[in-house]
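Mind looking at a prediction? Sequence and model below.
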Amino acid sequence: MCEVTCWILAACGGLMFGYDIVILGGVTAMDSFLIKFFPTVYERKLQVKEDNYYKYNNHYLQLFTSSLYLTTLVSSFLATKVCAKYDRKTTILIASSFLLLEAELSAAAAFIWMLILGRIALGIGVGFGNERLRLELSLGLVVVPAGFLFIGSLVISETSTSLIERDRETEGLGTLKKIRGVENVDLEFEKIKMACEKAQTIKDPLKKLMDCSSMPLLIIAIMMQVFQ
């Protein structure tokens, strides 16, 4: 049951980001959305038939689109510190709280600043792990997976690795036994302890990431993001 819960939470995290990317392209092309929040863009859209760059060349629209990615980039560094100092459960709870806030702001948006604040909240939520039946509903529907993520963060148990990293070895051993469903987990437990001890010897992860030994994995990770 614990594994199924983890799968659902992981799926909800990816679902919220993918849902937002798809919906964003749709709503920014809707006339009703542009008329309400970006009237100058709508006027250009009527005047220009071919040049899409000129149609959508608007600072507020660009801020609305890019604020998510900029905030995600910054908050992801903060999330690593929070996760290392506290636990993954706390990190997921923070993420789902910001995602719920984004859903409320987007669904109830009456002004452009509400949309942008919602995007910033979404960026923080994504960095940490997304009313009325109108056009803003599509942006606000992210509340569904965000709600699952929030509830899951309250009921999910800590991983044995996370507990061992924070010197709670007895709890970590008990969690590992619960996950595996057997009592004899000593060998795996010792391997996890060795991995945690080795990870703690790395004082500067970013510097380690730039080492030649880490470069192939770093290049592959970047290329995956570029080509997907």
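Now that the structure is in, tell me what you want to look at. Residues are numbered from 1 along each chain as shown.

CA only for contacts and neighbour counts going forward, please
Fine.

Name the SS class of the most centrally placed residue in the chain, please.
What sits nearest the mean C-alpha location of the chain, by Cα atoms, centre = their mean, is residue 126, with 1.9 Å. Judged by DSSP: H, G, I helix; E, B strand; the rest coil, the three-state class of residue 126 is helix.

Distance check, it against residue 191.
From residue 126 over to residue 191 the distance is 31 Å, taken as Cα to Cα, to the nearest Å.

ok, and the closest non-adjacent residue to residue 85?
Excluding its sequence neighbours, the residue lying closest to residue 85 (Cα to Cα, 6 or more residues apart in numbering) is residue 166, at 8.0 Å.

Can you report how many residues lie near that neighbour?
Close neighbours of residue 166, defined as other Cα atoms under 10 Å, add up to 14.

what does residue 122 give?
Other residues lying near residue 122 total 32 when counted by other Cα under 10 Å.

how about the strands of the chain, start to end?
With strands called from DSSP state E, the chain shows none.

So which residues of it form helices?
Here the chain has its helices, by DSSP state H, at 2-27, 31-37, 39-47, 52-55, 59-85, 88-107, 112-127, 137-140, 143-155, 160-165, 169-180, 186-200, 205-209, 215-227.

Where among the ones you listed is average confidence lowest?
With a mean of 53, helix 137-140 has the lowest mean pLDDT of the helices of the chain.

who touches residue 105 in this structure?
Contact analysis of residue 105 by Cα atoms under 8 Å, 6 or more residues apart in numbering lists 114-115, 117-118, 140.
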